[in-house]
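Q: need a structure here:
(chains A and B)
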Amino acid sequence: MDKSGEAYWKATLGLLTKILIVWFVVSFGAGILFADLLNNIHLGGYPLGFWFAQQGSMYIFVALIFVYAKKMGEIDRKFDVHEE
Amino acid sequence: MDLQTTIYLVVGLSFALYIGIAIWARAGSTSEFYVAGGGVGPRINGMATAADWMSAASFISMAGLISNMGYGGGLFLMGWTGGYVLLALLLAPYLRKFGKFTVPQFIGDRYYSQTASTVAVLCLLVASLTYIIGQMTGVGVAFSRFLGVSNETGIYVGMGIVFTYAVFGGMKGITYTQVAQYVVLIFAYTIPAIFISMQLTGNPIPQLGLGSNLVGSDISLLQKLDSIVVDLGFGQYTTTTAGSTLNMFVYTLSLMIGTAGLPHVIMRFFTVPSVHAARLSAGWALVFIAILYTTAPAVAAMAKTNLIRTLTPGVVMQNADPYAAESQIKYDERPDWMKRWEVTGLLKFEDKNGDGRIQYYNDKSKNEEFKGKAEAAGWKGNELTVNADIIVLANPEIALLPNWVIALVAAGGLAAALSTAAGLLLAISSAISHDLVKGVFNPNISEKGELMAGKIAMAGSIVLAGYLGLNPPGFAAGTVALAFGIAASSLFPAIMMGIFSKKMNKEGAIAGMLAGLTITLFYVFAHKGLFFIKGTDYLPLIGGPNSFFGITPEAFGAVGAMVNFIVAFVVDKFTKEPPEHIQHLVESVRTPRGAKAVDGRH
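A: Numbering: from 1, shown residues only, chains lettered A, B, ... in the order given. Next up, the predicted model:
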């Protein structure tokens, strides 16, 4: 792989890592591991841990994919590997 | 118009619509049959993916399971949506760039080995077949209620319809039919939820209703539900986990990586025109899926509330004493919907204490205080068995909604089951006809012969799945979860390493897939019987149920995937690295530029 190809792949992996951290924190973190703790806080009639497990994590997943698609498009153009 | 006529009418109309679309968009070539000619936009593809994805398990079964499990049911919600993040980030765009018809083809080319491709076909068949068993279970439930027949007859009717339907259209027909099916199923799911949310909380948006107060009180729905289920000996609704926290963690992870590894979902990303469209399409698919998935927990909690409200009318709204005899309804005065479901055998009443009233509670409760109260009230065991798979279909009837809503739900349930079964059959048929028959046995087969082989494969798998669906290894959603575990442990790691590791070689990948698949099947079959045949389980051999750190067989896929990764890396270290041109192939898959139309050449 040439220099720019390597840099492109590194940028891609960097973006993936950031997004996967958020993905992990909202579902496995807030929805499972720390759910009991968060249940002490209420969001309307929802205990917060329960809300993350049955509502919140899903909204955040949707946002994550669109953020990814947008940022990835920017990286593609920056390294000039985007589709015509 | 009476209920049965309305159901026939609505279901009949929806079927006419699908058939009309299938005829209009008939597939002419193998490319149109497998990948719809590769020209579907991201939003339309997202919608079709959502319909393909949301099966009988999501539509019919999931909310019922959440209703029984409470908070722990969230693992289905997080697992089956979180997997799309993995799919969008790790697989979809790269596989689209690779540009072939099927998953085994990618594995065969990337690992420069016919054997690797054949092993992938094996993994794909096991996962997809298990998945279809779950669908047939759901189809049986829907048809039995809809035709007023037994569950078995329902499955036979379902087999016939799914077969006719899938053989007909191929991917092109299926894609456009699935768009129509999505529309039907999403209305069928959300409209009753809106009605019920209005009834219980006064808030028309179910996602908000679930977090609101009950009508005419200052207690929130969830808080009330927590207290009434505890009164009946169940675990508290908002905090009961699925087994241990570890089990819930692993279960969720299995569903997520299984989602990303399921071939019939991955295939959908071969139908879009570009790499960028593949990324966006995953996002749109998840938007359309999330509309149903964020409604499901509201349906679950509200159905539970309404069920208890039906059986003990004063308890939910007027704080009546649940243990007083007059709180429980008399069996002779039960509502009509219970009579209708009794015909299917999925709802059963047995008057254990002979008082003519229905006692519905958790007779396996370990809570001494509750056991004392139940005994003092003269309860001799739970008298009403409600199959979790009927909750969603019965939900509008329980809430006494108008007939057309009930009919719409029947049509939606069938749409969900049919669209997914069709997508799965397509994945199976392409694996057999394209990767096995054309790829291995008879490379010179004509396009027509290949299509015929595919259709025969579909017929075979549907008969097998129907047979196993008669004695399902669990509820629809539970069985489907097993399929995810199998996909997670076998295909996902191989595909992912194929993209993210340039050095992974064929020996590593093949050993990994076989190890992951074998260990997962070994654990699953120990609980559910060899090939899911009743009576062939061998639990003593592994030391009792859930013996591996309390992990249930449905949750085992993540463990299998770890085994797959580890075995692959170890074997890879001791064998020679892949040839130069394969490493270049991986580099080219990583960059979007130069993505071509998908084709099937080997």
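Q: how about the residues of the stretch 501-602 of chain B near chain A?
A: Taking C-beta under 8 Å from any C-beta of the partner chain as the measure of proximity, the stretch 501-602 of chain B contacts chain A at B:587, B:590, B:591, B:592, B:593, B:594, B:595. Placement of C-beta: from N, CA and C, glycine included.
Q: Please check those residues and keep the buried ones.
A: Burial by neighbour count, judged by 16 or more other C-beta atoms under 10 Å in any protein chain shown, picks out B:590, B:591, B:592, B:595 from those.
Q: Just give me the closest of the residues you listed to chain A.
A: Nearest to chain A among these is residue B:591, at 4.3 Å by C-beta to the nearest C-beta.
Q: Could you give the number of residues near the closest residue in space to that closest one that isn't next to it in sequence?
A: Nearest in space to residue B:591, with sequence neighbours left out and distances taken as C-beta to C-beta, 6 or more residues apart in numbering or on different chains, is residue A:81 at 4.3 Å. Residues within reach of residue A:81, counting by other C-beta atoms under 10 Å in any protein chain shown, total 17.
Q: One more: residue B:495?
A: Quick note: residue B:495 (other C-beta under 10 Å) scores 23 neighbours.
Q: Quick check: of the residues of the stretch 501-602 of chain B next to chain A, which lies closest to residue A:60?
A: Residue A:60 lies nearest to residue B:592 out of those, by C-beta to C-beta, at 25.7 Å.
Q: What backbone torsions are found at residue B:349?
A: phi -120, psi 140 (degrees, to the nearest 10).
Q: Okay, the closest residue to chain A within the stretch 151-300 of chain B and residue B:94: tell me how far apart.
A: The nearest approach of the stretch 151-300 of chain B to chain A comes at residue B:220, 3.0 Å away (C-beta to the nearest C-beta). To residue B:94, residue B:220 is 45 Å away according to C-beta to C-beta, to the nearest Å.
Q: Same check on residue B:315?
A: Look at residue B:315 and residue B:94: by C-beta to C-beta, they are 55 Å apart.
Q: Show me where chain A has its strands.
A: Counting by DSSP state E, chain A has strands at residues A:42-43, A:46-47.
Q: among those, which is the most enclosed?
A: Neighbour counts (mean count of other C-beta atoms under 10 Å in any protein chain shown) averaged over each of the strands of chain A peak at strand A:46-47, with a mean of 24.
Q: List the residues that contact the residue nearest to residue B:591.
A: Contact analysis of residue A:81 by C-beta atoms under 8 Å, 6 or more residues apart in numbering or on different chains lists A:8, B:591, B:592, B:593.
Q: Give me the pLDDT for the last one.
A: Listed pLDDT for residue B:593 reads 84.
Q: Around residue B:84, count how many other residues there are.
A: Using other C-beta under 10 Å, residue B:84 has 28 neighbouring residues.
Q: Show me how far the host helix or strand of residue B:276 is from its chain's centre.
A: Residue B:276 is part of helix B:275-311 when elements are defined by DSSP states H and E. Computed by C-alpha atoms, centre = their mean, to the nearest Å, the chain-centroid distance of helix B:275-311 equals 12 Å.
Q: Say whether chain A is contacted by the helix or strand following it.
A: Counting by DSSP H and E, the next helix or strand C-terminal to helix B:275-311 is helix B:313-318. No - Helix B:313-318 is not in contact with chain A by C-beta under 8 Å from any C-beta; minimum separation 15.2 Å.
Q: So which residue is smack in the middle of chain A?
A: residue A:19 (3.2 Å; C-alpha atoms, centre = their mean).
Q: any idea how far residue B:75 is from chain A?
A: As defined by C-beta to the nearest C-beta, to the nearest Å, residue B:75 lies at a distance of 8 Å from chain A.
Q: again with residue B:15
A: Distance from residue B:15 to chain A, counting by C-beta to the nearest C-beta: 31 Å.
Q: Correct me if wrong, but residue B:348 is in a helix.
A: No - counting by DSSP: H, G, I helix; E, B strand; the rest coil, residue B:348 falls outside a helix, being strand.
Q: gap between it and chain A?
A: To chain A, residue B:348 is 29 Å away according to C-beta to the nearest C-beta.
Q: Is the closest residue in space to that residue that isn't next to it in sequence in a helix, a strand, or coil?
A: Nearest residue to residue B:348, sequence neighbours excluded (C-beta to C-beta, 6+ apart): residue B:385, at 4.6 Å. With three-state DSSP as the basis, residue B:385 sits in strand.
Q: what's across from residue B:384 in the sheet?
A: Beta-bridge pairing of residue B:384 under DSSP bridges involves residue B:349.
Q: Now do the contacts for it.
A: Going by C-beta under 8 Å, 6+ apart, residue B:384 touches B:311, B:347, B:348, B:349, B:358, B:359, B:360.
Q: Next: residue B:485.
A: Counted by C-beta under 8 Å, 6+ apart, residue B:485 has contacts B:254, B:258, B:520, B:524, B:553, B:554, B:555, B:556, B:557, B:558, B:560.
Q: hmm, 6 Å instead?
A: By C-beta atoms under 6 Å, 6 or more residues apart in numbering or on different chains, the contact set of residue B:485 is B:254, B:520, B:556, B:557.
Q: low-confidence ranges in chain A?
A: For chain A, residues meeting the criterion pLDDT under 70 lie at A:1-2, A:84.
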